[in-house]
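Novice: A predicted structure for the sequence below; I have some questions about it.
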Amino acid sequence: MKYVICVPDGCSDEPIAGLGGRTPLEVASTPTLDRLAARGEVGRAAVIPPKMAPGSDVGNMSILGYDPSRYHTGRAPIEAAALGLRLRPDQVAYRCNLVTIGADGTMVDFAGGHPTSDAAAEVIRALDAELGAGAGGEIEFHPGVQYRHILVAPDTWADAECVPPHDLTGHPAMLPRGAGAPRLIRLMDASREVVGAAPIEATQVWLWGQGNQPRLPSFRAATGKHGALVTAVDLIRGLGVLTEMDIVEVPGATGWFDTDYEGKRDAALRALGDGADVFLVHVEATDEAGHAGKLDEKITALEAWDRRILAGLVDGLDAMGPWRLLLLPDHPTPVELRTHTSDPVPYLIVDSEIDGPGGVYTEPATAACPPVPGHEMLARLLAR
């Protein structure tokens, strides 16, 4: 039996007046998804536990079967693991976004104009040389992907309440608060000179998501299965590193609207054919569309999932033998809110050999279903 987990990041949404009160999932043309739902099981999953912030760190940890209320320590240390960083007990990692803040103090773009990874890396290296370890400081800047980077600092910097920049789009940039906040604010202010001198749209760094590195059981130890994944996002890659899953790289995976959907589909089929039992396919495009408030791009990304991943994936799985598939996002990212919410998300489980009760994979169609704790969904997939 082969198992696939499909994560269209942030694809769940809310009714939109411009769509006649429908959601993007209801409007998008998804014939393959519709056929799968008609012979599968649909419901709702509470991927974000009560009182936890609705982020991809929490949601994807849930999807992989780990209870965030037990294992989550922060977003940044997970991403640090993806960069090969192993934090000491006396260190903390911060997510370090390249952002664009307007002259009036408004968060114009939490992604700093989406610089290329190469261009951003030059900026991060300059920051480290002038403000970090290169200048004899106690902090280290580490380049990641596009606008997403990591700052490693002593754990005395950890006591701060920081707002994720994607929660501030179009609003005043709310500075950190708490005992560690003055250090963070000084560093963010100092970064303007370095970032502003670079040929990118970003104006400074934004620090948030801090924590010590978590300790997670390996995926094989937790499930008895050989797990693998593909993603363009360091956060998901970091979860793979921490749980000792195989991480498959696809050169055209960008974390943006132009990502290589077919490359991710083919990576899943190759890995499953080469011995992986469980493969997770993660695509960021729907989440980025939600944050950008781009309704058309969100619908396009949903349709790309259906046409460019699911259709060929099902054919390829059928050729291998029995399979089961779980599809759900890690949280909603409504295009009108442009940030995450904690609402339960629709899920779909399909078995190639045993038909389920059937249903429709949309938010309204599953609204009456009692939500299942997100970290229990993997066990549901693996149980037959």
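Specialist: Structure's in. What do you need?
Novice: which residue packs closest to the residue most central in space within the chain, ignoring adjacent ones?
Specialist: Taking C-alpha atoms, centre = their mean, the centroid of the chain lies closest to residue 56, which sits 4.2 Å from it. Distances taken as C-beta to C-beta, 6 or more residues apart in numbering place residue 330 nearest to residue 56, at 5.1 Å, with adjacent residues excluded. Quick note: C-beta positions are derived from backbone N, CA and C, even for glycine.
Novice: repeat that for residue 351.
Specialist: residue 324 (5.1 Å).
Novice: which strand or helix spans that neighbour?
Specialist: Assessed by DSSP states H and E, residue 324 sits inside strand 323-327.
Novice: now do that strand: which elements does it pack against?
Specialist: Helices and strands touching strand 323-327, by 3 or more C-beta pairs under 8 Å, 6 or more residues apart in numbering; DSSP states H and E, are strand 2-8, helix 31-38, helix 311-320, strand 345-351, helix 377-382.
Novice: how near is the residue nearest to the centre of the chain to residue 201?
Specialist: Distance of residue 56 to residue 201, given as C-beta to C-beta, to the nearest Å: 23 Å.
Novice: now residue 242: how far from residue 219?
Specialist: Taken as C-beta to C-beta, the span from residue 242 to residue 219 is 10 Å.
Novice: hmm, I was thinking of residue 349
Specialist: 19 Å.
Novice: so for those two, which sits in the more crowded spot?
Specialist: Using other C-beta atoms under 10 Å as the criterion, residue 349 and residue 219 rank with residue 219 on top: 27 against 20.
Novice: can you map out the helices along the stretch 51-200 of the chain?
Specialist: 56-63, 68-71, 76-82, 117-131, 181-196 (DSSP state H, counting those that start in this stretch).
Novice: who wins for proximity to residue 382 among these?
Specialist: helix 56-63 (12.8 Å; C-beta to C-beta).
Novice: residue 353 against residue 322, yeah?
Specialist: Yes. The criterion here is C-beta atoms under 8 Å, and residue 353 meets it with residue 322 at 5.4 Å.
Novice: the two - which one has more neighbours?
Specialist: Comparing residue 353 with residue 322 by other C-beta under 10 Å, the one with more neighbours is residue 322, at 13 against 10.
Novice: so what's the nearest residue in space to the more buried one that is not next to it in sequence up against?
Specialist: Distances taken as C-beta to C-beta, 6+ apart place residue 1 nearest to residue 322, at 4.9 Å, with adjacent residues excluded. The neighbours of residue 1, taking C-beta atoms under 8 Å, 6 or more residues apart in numbering as the test, are 277, 321-324, 384.
Novice: quick check, nearest of these to residue 310?
Specialist: Among these, and counting by C-beta to C-beta, the member closest to residue 310 is residue 323, at 12.6 Å.
Novice: hmm, the closest one is touching residue 4, no?
Specialist: Yes. Using C-beta under 8 Å, residue 323 is in contact with residue 4, at 6.8 Å.
Novice: which residues are common contacts for those two?
Specialist: residue 317.
Novice: quick one, helices of the stretch 251-384 of the chain?
Specialist: Using DSSP H, counting those that start in this stretch, helices in the stretch 251-384 of the chain cover 261-273, 285-292, 295-304, 311-320, 363-366, 377-382.
Novice: point out the most buried one among these.
Specialist: Greatest average neighbour count among the helices of the stretch 251-384 of the chain goes to helix 285-292 (a mean of 26), per mean count of other C-beta atoms under 10 Å.
Novice: residues in contact with residue 212?
Specialist: 73-74, 77, 87, 89, 91-92, 155, 158.
Novice: farthest-separated two in these?
Specialist: Farthest pair in these, by C-beta to C-beta: 74 and 89, 14.2 Å.
Novice: could you check which of those two has the larger neighbour count?
Specialist: residue 74 (22 against 8).
Novice: just confirm that one contacts residue 208, I think it does.
Specialist: No. Judged on C-beta under 8 Å, residue 74 makes no contact with residue 208 at a distance of 9.4 Å.
Novice: residue 252: neighbouring residues, count only.
Specialist: With other C-beta under 10 Å as criterion, residue 252 counts 12.
Novice: my read: it touches residue 260, true?
Specialist: Yes. Contact criterion C-beta under 8 Å: residue 252 and residue 260 qualify, at 2.9 Å.
Novice: circling back: now do the same contact list for the residue nearest to residue 56.
Specialist: 7, 9-10, 47, 56, 58-60, 62-63, 345 are the contacts of residue 330 under C-beta under 8 Å, 6+ apart.
Novice: before we move on, what about residue 328?
Specialist: Counted by C-beta under 8 Å, 6+ apart, residue 328 has contacts 6-7, 45, 47, 63, 345-348, 377.
Novice: can those residues go into a markdown table with extra columns for distance to residue 286 and pLDDT?
Specialist: Converted to a markdown table, the contacts of residue 328 look like this (distance: C-beta to C-beta, whole Å; pLDDT from 0 to 100):
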| residue | distance to residue 286 | pLDDT |
| --- | --- | --- |
| 6 | 12 | 98 |
| 7 | 10 | 98 |
| 45 | 16 | 98 |
| 47 | 15 | 98 |
| 63 | 15 | 98 |
| 345 | 12 | 98 |
| 346 | 13 | 98 |
| 347 | 15 | 98 |
| 348 | 15 | 98 |
| 377 | 19 | 98 |
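Novice: possible to save those residues as CSV with distance to residue 178?
Specialist: Compiled in CSV, these are given as follows (distance: C-beta to C-beta, whole Å):
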residue, distance to residue 178
6, 38
7, 32
45, 33
47, 28
63, 30
345, 31
346, 37
347, 36
348, 41
377, 34
